[in-house]
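**Student:** quick one, fold the following:
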Amino acid sequence: MNLHFLLTDYLIWFLVVVSVFYAVYVSRHEYLLAPWRQVLHSHVGAATGVVLAAYVCIGLLDSVHYYPTVQADSPEGGVVVSTELLSVFDVIVTPMRTQVETTYSKPFALHSFSKKTLELDGGGQVRSYPRLKYAGSHLGAEDSAAPCADILWKGFTGALYGLDAWLVLLILLCLIRARGAPLEFLQQLKNTLLKSSALRTASLVTLLLFLIVGATYYLSGYYHVWGTDKVGYDVFYITLKSIRTGLVIGTLTTLVMLPLALILGMSAGYFKGWVDDVVQYLYTTLNSIPGILLIAAAVLMLDVYMYNHADQFTSVIERADWRLFFICLILGITNWTGLCRLLRAETLKLREMDYVNAATAFGVRNRTILIRHLLPNVMHLVLISIVLDFSGLVLAEAVLSYVGIGVDPTTHSWGNMINSARLEMAREPMVWWALTSSFIAMFILVLCANLFTDVVRDAFDPRLRERT
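**Tutor:** From the prediction side, this is the model:
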């Protein structure tokens, strides 16, 4: 096994490291920890946080890539490195990835969605729906006529496995919180399951997720839970793989947007004068250009560059990954202006405060005032803007891919699924499951992100905190 990290993999894990350092820093400062404690003690915040954590776990598992080793086909045998780049998530969902049919099939179907000419055993031909190669292959002739009982039984079995995993996780967390004391362990278990608190809400939502994941994962080894697409790939697998693309668009764009907004916005508000004029000119000019046209022009320029320098991209996957990174880059460049305006206005107000005037009178350097006095007092705006923009960026990827200027067509994304569904919805009979699965996955992510954003805004907004 040879590890191979893509460019977006490095950036994703860099964000994880930064988040860990931020969490450690927050845990040592009570004034920073108090708003987050309010978020976690909220029932809505706890429930949506669990769902978002599940999406993040899938995205992180899909961000560790490697080239597996396989047996050589040569007479000498031996082990060679495969040319297929896989991720840890691909290994976990191997049945969904490898069980490829011929063409469309409905969810939990045993036969293809399209008729074909089949050869009869006694000679002759007939037009019928051929049996799928993998879905329901474990069933006998009698069970194939009515597989509902088998589907229910395997779904129930998978849910039991999910329940067992949830119980193990619950016991481990309670043991960690109790620090090995038996009486304290029982008290922690009682508080988690019986006490009406956000912790109970989080545990119940986690139980629901484990039941759903256990049932669908177990069923995916025997059926195509969400059917297959035009070339026979499992739609449920494509939907789960698209989570990473949505998270990359929603988070890596912050790496581009945040430094520009912080540096330019705070500099404009603190220094005023010609610095303020230049910054205002920059974001006013940028806002005067329609964002969709700017993104389209940048993507077309990238396509031309890739076409003329094809030797710089060793594989199709790296080519698609660079295009994904470039989409994040151009989205960050076109979306930093709103936060910059907020930071400029807040800095204009803060620079007139007494503690800033006192620091200036004592001869403290401007850089120190900006970092130690102004930056901590504008971070609530930064956090609120980041979580507010996340859902909008996820939807932006779907819109860009729909109009043909989004991620590479070989990249799994909800936008590409919706774009492909345009022709599928026009078929007779209609192929509806690809659009439905992508819509449900994206709807849950965006809904949870928006609800979590409301809780974060209520906790970090100083005016709302003063009212409460």
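
**Student:** tell me the buried residues in the host helix or strand of residue 357?
**Tutor:** Per DSSP states H and E: residue 357 is located in helix 354-361. For helix 354-361, burial by neighbour count (16 or more other C-beta atoms under 10 Å) applies to 356, 359. Where you see a C-beta, it was placed from the backbone N, CA and C, and this is true even at glycine.

**Student:** got the buried residues for the following helix or strand past that helix?
**Tutor:** Note on helix 354-361: by DSSP H and E, the next helix or strand toward the C-terminus is helix 366-368. By 16+ other C-beta under 10 Å, helix 366-368 has no buried positions at all.

**Student:** contacts for helix 366-368 next, please.
**Tutor:** 270-271, 359 (C-beta atoms under 8 Å, 6 or more residues apart in numbering).

**Student:** which one of those residues sits closest to residue 24?
**Tutor:** residue 359 (27.4 Å; C-beta to C-beta).

**Student:** from the contacts of helix 366-368, which is closest to residue 132?
**Tutor:** Of these, the one sitting nearest to residue 132 (C-beta to C-beta) turns out to be residue 270, at 65.2 Å.

**Student:** contact partners for that closest one?
**Tutor:** Contacts of residue 270 (C-beta under 8 Å, 6+ apart): 347, 351, 366, 369-370, 374.

**Student:** which strand or helix spans it?
**Tutor:** With DSSP H and E as the test, residue 270 turns up in helix 235-271.

**Student:** list the buried residues in that helix.
**Tutor:** 235-254, 256-258, 260-262, 264-270.

**Student:** burial of residue 161, as a residue count?
**Tutor:** Close neighbours of residue 161, defined as other C-beta atoms under 10 Å, add up to 16.

**Student:** spatially nearest residue to it (excluding sequence neighbours)?
**Tutor:** residue 214 (4.6 Å; C-beta to C-beta, 6 or more residues apart in numbering).

**Student:** could you say which helix or strand holds that neighbour?
**Tutor:** Counting by DSSP H and E, residue 214 is part of helix 198-220.

**Student:** give me the low-pLDDT residue ranges for the protein?
**Tutor:** By pLDDT under 70, the low-scoring segments of the chain are 1, 71-78, 121-123, 141-146, 180-183, 185, 196, 461-468.

**Student:** thinking residue 454 is in contact with residue 42, fair?
**Tutor:** No. The pair residue 454 / residue 42 is not scored as a contact, 9.5 Å apart, by C-beta atoms under 8 Å.

**Student:** who's more crowded, these two?
**Tutor:** Between residue 454 and residue 42, counting by other C-beta under 10 Å, residue 42 is the more crowded of the two (21 against 15).

**Student:** residues contacting that one?
**Tutor:** The contact partners of residue 42, by C-beta under 8 Å, 6+ apart, come to 198, 455, 459.

**Student:** residues contacting the first one?
**Tutor:** Which is residue 198. Residue 198 neighbours (C-beta under 8 Å, 6+ apart): 40-43, 45-46.
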